[in-house]
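Participant: based on what follows, work out the 3D shape:
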Amino acid sequence: MSSIDTICTHEGDRPEDYLGSIGVPIFQTSLFSYKKKDSGYRYTRASNPTIENAEVKIAALEEGESAACFSSGMGAISSSILHFVKNGSTVLVHRNVYGPAQYFLKYLKRFGVTTQFINSEKAIDFESAMGPQTALVYLESPSTFLFKLLDIQGIAEAARKRGIPVVVDNTWATPIYQKPLALGADLVVHSASKYLGGHSDIVAGVVVGKKELIQSIATEERSNLGSNMDPHQAFLLIRGLRTLSVRMERHSKNAERVANYLQTSPFVSTVLWPGLPDRPDKTLVNKHLSGFSGVMSFIPTFDLSVVPQFLTTLKLFEVGPSWGGFESLAIAPGIFMDPKEMLELGIPPTLIRISVGLENVEDIIQDLDQALKMAVQKGKI
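Facilitator: Numbers count the residues shown, from 1 in each chain. Reported below is the predicted structural model:
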């Protein structure tokens with residue numbers, strides 16, 4: 001098996017088929033003629049050489065048999081869920097998964113699909129909730145905003161005994177630092193808009209798993225719902241994948257420095273990042289993760305009323321809802337989320353999530369430090 005770096009750089013490339021081109025050509029076409037020669041391609045909504053290159057790379061990175069790319073992360077997530085459910089089905093979901101994924105599952109209620117949210121990371125609690133109507137277990141680990149580690153392996157083992165498939169969102173860790181398929185998951189999903197793309201210039205998603213299952217999802221859900229990726233998206237995703245391993249190394253190193261700074265700051269009460277050495281779930285962290293990405297949360301010592309001041313005082317950080325790009329980003333869910341919903345999810349009102357970018361880490365820390373000091377000063381006025 002090729003190393004991660006080599007997979008990112010070369011997997012799936014066929015320069016001999018493209019006039020020696022090192023870069024994968026953008027097959028910006030809707031259809032393929034087979035009048036004189038049958039290439040095996042017919043229509044881009046079903047398959048396209050540029051898109052297939054991205055799929056081959058990602059499947060190899062996740063150590064899966066096959067992958068299917070989508071026009072968005074939610075396209076990948078919704079198609080994966082729809083593939084397993086029907087009227088009367090129940091989906092078990094960890095409470096702190098990606099917000100739009102939660103909203104989609106609630107939307108499925110109109111079609112007779114029930115969602116049961118599990119407020120636990122332990123396999124035994126998921127196992128006790130599994131019943132005859134359970135059609136799917138949907139997980140995200142580490143969890144969104146709070147970055148709790150779920151026992152993917154334990155949950156997957158319990159589900160396998162009952163013939164229940166498990167889908168895991170691996171966007172945070174990326175295949176560089178976590179392999180959910182190796183831990184027993186049936187499918188892995190990604191918002192490729194984030195680390196896999198890495199440049200904040202595409203919206204994309206991907207599903208990885210066994211070849212037969214991926215082909216079925218691509219033929220049924222992806223093609224019928226029209227959520228396939230377009231060739232130019234795929235070209236930009238391939239560009240991002242080529243530098244994924246080196247970018248993740250930099251994100252991780254920067255994040256470690258930032259997390260250590262935040263832990264020592266008098267203006268921060270709590271830091272939530274799986275790479276911290278004093279994590280209570282350290283055994284699970286060591287079991288599942290080989291490294292850590294650059295997204296974390298922290299709880300400041302000042303009130304929610306001062307949080308907007310903190311965000312606007314940041315100079316290097318941009319403020320926005322996504323993450324995983326080259327740039328540092330910050331967001332505070334307490335500003336826009338329903339307080340009741342945050343309480344149900346266990347998200348502290350003043351929590352601030354940051355995505356540590358590729359900038360000089362001293363500049364990142366300096367920016368956070370000056371904004372925290374300004375916010376505290378504002379709070380005392």
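Participant: now do the strands in the stretch 51-200 of the chain.
Facilitator: 66-70, 90-94, 114-118, 134-140, 166-169, 187-191 (DSSP state E, counting those that start in this stretch).
Participant: which one of the ones you listed is the most hemmed in?
Facilitator: With neighbours defined as mean count of other Cβ atoms under 10 Å, the strands of the stretch 51-200 of the chain peak in mean count at strand 187-191, which reaches a mean of 30. Heads up, the C-betas are built off the backbone N, CA and C, glycines and all.
Participant: relative to strand 66-70, how tilted is that strand?
Facilitator: Put simply, strand 187-191 runs at 30 degrees to strand 66-70, going by axes from the mean of the first three to the mean of the last three Cα atoms, to 10 degrees.
Participant: mind checking how far the next helix or strand after strand 187-191 is from the chain centre?
Facilitator: As assigned by DSSP states H and E, the chain's next helix or strand after strand 187-191 is strand 205-209. Mean-position distance between strand 205-209 and its chain equals 11 Å (Cα atoms, centre = their mean, to the nearest Å).
Participant: helices or strands up against the helix or strand just after strand 205-209?
Facilitator: Per DSSP H and E, the first helix or strand lying C-terminal to strand 205-209 is helix 211-217. Secondary-structure packing of helix 211-217 (3 or more Cβ pairs under 8 Å, 6 or more residues apart in numbering; DSSP states H and E): strand 66-70, helix 73-84, strand 205-209.
Participant: how many neighbours does Ser33 have?
Facilitator: Around Ser33 there are 11 other residues, counting by other Cβ atoms under 10 Å.
Participant: next one: Leu314
Facilitator: Neighbour tally, Leu314, other Cβ under 10 Å: 20.
Participant: need the contact list for the closest residue to it other than its chain neighbours.
Facilitator: Of all residues not flanking Leu314 in the chain, Ala371 sits nearest, at 4.7 Å (Cβ to Cβ, 6 or more residues apart in numbering). Ala371 makes contacts with 310-311, 313-315, 317, as judged by Cβ atoms under 8 Å, 6 or more residues apart in numbering.
Participant: in ChimeraX, how would I select the buried members of those residues?
Facilitator: The ChimeraX selection below is limited to those of the contacts of Ala371 classed as buried (16 or more other Cβ atoms under 10 Å):
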select :310,311,313,314,317
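Participant: switch the contacts of Ala371 over to TSV; also include distance to Phe336, secondary structure and pLDDT.
Facilitator: Compiled in TSV, the contacts of Ala371 are given as follows (distance: Cβ to Cβ, whole Å; DSSP: H, G, I helix; E, B strand; the rest coil; pLDDT from 0 to 100):
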residue	distance to Phe336	secondary structure	pLDDT
Phe310	15	helix	97
Leu311	12	helix	97
Thr313	19	helix	96
Leu314	17	coil	98
Lys315	22	coil	97
Phe317	17	coil	98
